[in-house]
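sequence and predicted structure, then a few things I'm wondering about:
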Amino acid sequence: MGQEYLEQLRGQIERVTFTSEESGFSVVRMRIFGRSDLVTVVGPVPNPTPGEILRMRGVWTQHPKFGPQFKLEFFQREVPATAASIEKYLGSGLIKGIGPAMAHRIVACFGEKTLEVIEEDCGKLAAVPGIGKGRIGQIQKAWEEQKDIREVMVFLQAQGVSATYAVKIYARYGKDAIQTVRENPYRLAYDIYGIGFLTADRIANALGFAADSPLRVEAGLLYALHGIVEEGHVFASEDELFRKAGELLHVGDPDLLASALERLVIDNRVVPESLPASSGGKAVYLSGYYRAECAVAERLSRLLVTKSLLPPVHIEKAIAWAEGRSSITLAPMQRKAVATALSEKVMIITGGPGTGKSTILSVILSIYGARTSSVLLAAPTGRAAKRMSEVTGLEAKTIHRLLVYDMHKGGFKKNEDDPLDADLVILDEVSMVDLLLFHHLLKAVPPTSRLILVGDTNQLPSVGAGAVLHDLIVSGKIPVVCLTDIFRQAGTSTIIRNAHSIIQGRRLFFENREEDDMFFIEKQEPGDILETIAGLVKRRLPAKYGFDPVRDIQVLSPMNRGLVGTAELNEKLQSVLNPDGPGIARGGRQLRVGDKVMQIRNNYDKDVFNGDIGFVEGIDEEEQVVTVRIDERAICYDYGDLDELVLAYAVSIHKSQGAEYPCVVIPLSTQHYMLLKRNLIYTGVTRGKKMVVLVGTQKALSIAIRNTREMGRNTYLAWRLQQCLASV
């Protein structure tokens with residue numbers, strides 16, 4: 001539409017109804033100068049702030065539900081001029097250190113000259129009651145940063161991209177942000193969390209970068225390779241990488257891709273390697289993954305052939321002593337597992353629920369505890385480590401905390417130069433452990449230590465790249481004890497019986513008796529499944545079984561999208577479990593005090609990790625900080641860090657790995673058809689400690705149990721381990 005047909009309006013933002021952090025699209029209520037009523041304005045307004053003055057051009061539209069709206073096409077921001085608008089502007093949370101009450105006191109002192117005072121002589125703020133030197137310095141620094149951030153926002157908006165990430169870009173590059181982006185916008189895809197290649201490519205296109213620019217082709221190759229790694233693969237075949245990168249870049253010339261790959265090899269960003277003769281072709285690794293795969297094979301080989309410092313033990317006498325001490329009798333496979341743990345440097349114990357893994361660990365720890373105090377227990381997640389501690393009675397740590405992350409230097413403090421003090425290391429939930437994390441662990445395990453790996457091969461593979469547990473088993477180089485028998489006490493549990501039926505591909509059996517611990521509620525339509533789950537969590541399960549609806553009940557969904565995906569479930573459950581109270585709107589979602597939330601990326605500075613669950617304790621509008629309690633620790637998040645948190649009333653089954661919950665509720669709909677797999681439903685069901693409730697269709701459940709197709713992962717860890725040991 002030509003600008004000559006656009007109406008011009010000027011007004012002040014009164015409140016923000018909705019804003020999307022991803023697109024910048026916003027819905028705001030504005031007081032238009034010259035009109036008495038509030039007007040709804042919709043359009044691309046990144047980071048709208050109450051009190052701001054906007055000069056706009058756009059058209060009037062009629063929304064069928066919400067009535068007349070002004071759809072803006074262009075706008076310019078103006079600094080508010082009246083005392084009332086300045087107070088609203090400052091009190092909106094724009095400046096860290098100024099909340100509504102503080103804004104009122106400042107404007108009461110300086111009126112319409114308030115912004116001039118902050119800009120030119122911030123020291124005058126000392127005249128405001130309750131403001132000291134420290135707060136003045138904080139306000140002055142925040143005001144300067146806000147000006148720079150706004151400049152970055154304007155620059156990005158001029159390139160046709162939302163300025164949502166301006167704060168992070170400014171934090172990464174400082175005052176050099178605009179120059180850095182102009183020189184190489186593709187750096188954003190590597191340096192800024194949340195900005196991928198596609199966004200960087202749009203900026204580059206707006207800045208005039210050619211489609212065959214070397215920077216663009218290199219970035220596209222790396223983006224395609226990272227995408228393959230995010231699917232769980234450790235490497236990509238060269239042909240597959242070129243195919244995906246070519247489709248992404250719309251580049252048909254293979255020489256362009258080959259040349260870009262050569263430059264990435266020279267820069268040591270990727271490593272090509274000829275695959276074993278049986279496969280042919282070339283593998284292309286991100287350099288870090290290549291080094292990790294080689295190092296894991298080498299370190300495991302060294303661990304396997306290096307003699308333990310512990311004196312030999314008479315295995316039969318040791319087992320008999322432990323049985324007598326604990327008044328138990330081990331089954332044959334349990335005895336084999338303990339004997340293997342006492343005789344081998346590295347071993348694997350695998351088995352499903354109720355097969356006696358906990359008993360075996362207790363016996364092993366009892367015997368080793370009488371011979372050494374240097375025993376360390378670890379698991380991939382805080383929840384898994386806590387459960388390991390409860391089972392064994394000993395302290396267990398997450399792998400990250402065991403290795404002690406150095407926030408100042410980056411990386412783990414425990415490594416080959418400063419190894420763990422351990423004669424024995426036991427690692428639980430190994431199916432969750434990806435290649436990189438296992439690499440870091442092995443770097444810190446002394447060659448003389450024994451290593452016991454415990455896991456369930458029927459669970460989902462690790463979220464990160466690799467298939468560590470699978471590869472170690474199929475290598476044939478590490479002793480494995482597989483437990484299959486269900487013990488009598490566990491056999492009374494419907495959860496455990498049905499879990500083993502899932503493994504065997506058999507139809508599940510539900511009687512829905514009061515004494516059962518697993519139930520199936522038949523609902524056909526996704527909307528009915530959603531409403532049933534909300535009722536179960538809010539009323540029925542707490543009333544009948546005493547579960548706390550927020551802390552004891554966890555909804556696990558096969559996927560994130562759809563009417564019974566995690567996004568819709570969280571919105572619904574928040575509305576029924578925590579509808580009111582102080583909150584903050586971010587990216588079109590509400591975060592309220594009392595909400596259950598999950599960390600979705602590793603943050604070593606905060607010592608919190610992907611999958612950690614906590615509860616929002618407080619929101620400080622002046623300091624722009626949200627406090628979340630995770631594992632009995634209060635963690636502070638600046639507003640700019642809130643994209644690391646999501647609501648966690650419902651989480652994906654993938655994110656639930658390593659956890660146990662008193663009660664689990666799982667929706668099963670054919671909407672989830674693409675993700676319904678045996679190992680997924682098995683993982684979800686085995687998260688329930690006291691109760692599991694499935695809500696959905698028998699058809700969806702049958703699809704999941706029958707579907708054993710699991711895309712293999714590109715790894716050569718098993719092959720490398722075989723090669724390393726063959727040369728010893």
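Received the coordinates, thanks.

all contacts plus neighbour counts: C-alpha atoms, from now on.
Will do.

now do the contacts for the residue sitting nearest the centre point of the chain.
Nearest residue to the geometric centre of the chain (CA atoms, centre = their mean): I600, 2.4 Å. Applying CA atoms under 8 Å, 6 or more residues apart in numbering, we find I600 in contact with F609, N610, G611, D612, E644, L645, V646.

not counting sequence-adjacent ones, nearest residue to it?
In this structure, I600 finds its nearest non-sequential neighbour in N610, 4.5 Å apart by CA to CA, 6 or more residues apart in numbering.

is that neighbour located within a strand, as I assumed?
No - according to DSSP: H, G, I helix; E, B strand; the rest coil, N610 belongs to no strand; its state is coil.

I'd like the distance between it and E660.
N610 is 16 Å from E660, where distance means CA to CA, to the nearest Å.

give me the more crowded residue out of those two.
Using other CA atoms under 10 Å, the more surrounded residue of N610 and E660 is E660, with 20 against 15.

for the chain, name the helix or strand with the lowest mean pLDDT.
Between all helices and strands in the chain, the lowest mean by mean pLDDT, DSSP states H and E belongs to helix 488-491, at a mean of 52.

moving C-terminal of that one, what's the next helix or strand?
helix 494-503 (DSSP states H and E).

name the helices or strands packed onto the next helix or strand after that next one?
For helix 494-503, the succeeding helix or strand toward the C-terminus, using DSSP H and E, is strand 518-522. Applying 3 or more CA pairs under 8 Å, 6 or more residues apart in numbering; DSSP states H and E, one finds that strand 518-522 contacts strand 688-696.

now the strand it packs on: average pLDDT?
The average pLDDT within strand 688-696 is 92.

sheet-wise, list the partners of it with their directions.
Paired neighbours of strand 688-696 in the sheet (DSSP bridges): strand 518-522 (parallel), strand 661-668 (parallel).

ok, residues contacting that strand?
So strand 688-696 is contacted by 495, 517-526, 529, 532-533, 660-669, 685 (CA under 8 Å, 6+ apart).

next one: stretch 498-518 to chain centre, how far?
31 Å (CA atoms, centre = their mean, to the nearest Å).

gap between the two ends of it?
9 Å.

do the same with stretch 262-275
First-to-last distance for stretch 262-275 - CA to CA - comes to 18 Å.

next one: stretch 107-126
OK, stretch 107-126 end separation, CA to CA: 13 Å.

name the element P447 belongs to?
Judged by DSSP H and E, P447 forms part of no helix or strand.

quick one: the closest residue to it other than its chain neighbours and R601, what's the gap?
Leaving aside its chain neighbours, P447 sits nearest to L303 (4.7 Å; criterion: CA to CA, 6+ apart). L303 is 31 Å from R601, where distance means CA to CA.

more neighbours: which of those two?
Neighbour comparison, L303 and R601: the larger count goes to L303, with 21 against 15 (by other CA under 10 Å).

buried sites along whichever strand or helix holds that one?
Element membership for L303 (DSSP H and E) is helix 287-305. For helix 287-305, burial by neighbour count (16 or more other CA atoms under 10 Å) applies to 287, 289-290, 292-304.

closest to L721 out of those residues?
Taking CA to CA as the measure, L721 lies nearest A297 of the buried residues of helix 287-305, at 4.6 Å.

what residues are up against the closest one?
With CA under 8 Å, 6+ apart, A297 has these contacts: L717, A718, R720, L721, C724.

double-check the last one against E298; I have them as touching.
Yes - counting by CA atoms under 8 Å, E298 is a contact partner of C724 at 6.3 Å.

where do the contact lists of those two overlap?
With CA under 8 Å, 6+ apart, C724 and E298 have no common neighbours.

quick revisit: please indicate which of the contacts of strand 688-696 are buried?
Applying 16+ other CA under 10 Å to the contacts of strand 688-696 flags 495, 517-521, 523-524, 526, 529, 532-533, 660-669, 685 as buried.

now the nearest residue to M559 once chain neighbours are set aside: how far from I533?
Distances taken as CA to CA, 6+ apart place G565 nearest to M559, at 5.3 Å, with adjacent residues excluded. G565 sits 12 Å away from I533, going by CA to CA.

and for I195?
35 Å.

got it, and Y285?
44 Å.

next: R335.
Applying CA to CA to R335 and I533 gives a distance of 44 Å.

ok, K677 next?
K677 is 22 Å from I533, by CA to CA.

which strands or helices does the host helix or strand of R77 pack on?
Assessed by DSSP H and E, R77 sits inside strand 67-78. Counting contacts by 3+ CA pairs under 8 Å, 6+ apart, strand 67-78 packs against strand 38-44, strand 53-63.

what's the most buried one of those strands?
Per residue and on average, the most neighbours among the helices and strands packed on strand 67-78 fall to strand 38-44, with a mean of 20 (mean count of other CA atoms under 10 Å).

can you name every helix or strand that that strand contacts?
Using 3+ CA pairs under 8 Å, 6+ apart: strand 38-44 touches strand 25-32, strand 67-78.

worst average pLDDT in those strands?
strand 67-78 - the lowest mean pLDDT of the helices and strands packed on strand 38-44, at a mean of 84.

list of residues touching it?
By CA under 8 Å, 6+ apart, strand 67-78 touches 39-44, 52-63.

and the helices in the stretch 551-700 of the chain?
Ranges of helices in the stretch 551-700 of the chain, per DSSP state H, counting those that start in this stretch, are 566-577, 678-685, 698-706.

pLDDT value on the closest residue to R507 other than its chain neighbours, please?
Spatially, and ignoring its direct neighbours in sequence, R507 is nearest to S501 (6.8 Å; CA to CA, 6+ apart). Among the per-residue scores, S501 holds a pLDDT of 88.

check L460 too.
86.

now do the end-to-end distance for stretch 351-362.
End-to-end distance for stretch 351-362, by CA to CA: 16 Å.

okay, buried residues for it please.
G351, G352, P353, G354, T355, G356, K357, T359, I360, L361, S362.

how about these in a markdown table, adding pLDDT, distance to E218 and secondary structure?
Formatted as a markdown table, the buried residues of stretch 351-362 follow (pLDDT from 0 to 100; distance: CA to CA, whole Å; DSSP: H, G, I helix; E, B strand; the rest coil):
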| residue | pLDDT | distance to E218 | secondary structure |
| --- | --- | --- | --- |
| G351 | 88 | 44 | strand |
| G352 | 83 | 45 | coil |
| P353 | 82 | 47 | coil |
| G354 | 80 | 50 | coil |
| T355 | 81 | 50 | coil |
| G356 | 81 | 51 | coil |
| K357 | 86 | 48 | helix |
| T359 | 88 | 53 | helix |
| I360 | 91 | 51 | helix |
| L361 | 90 | 49 | helix |
| S362 | 89 | 52 | helix |
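
that's all I had, so thanks and see you.
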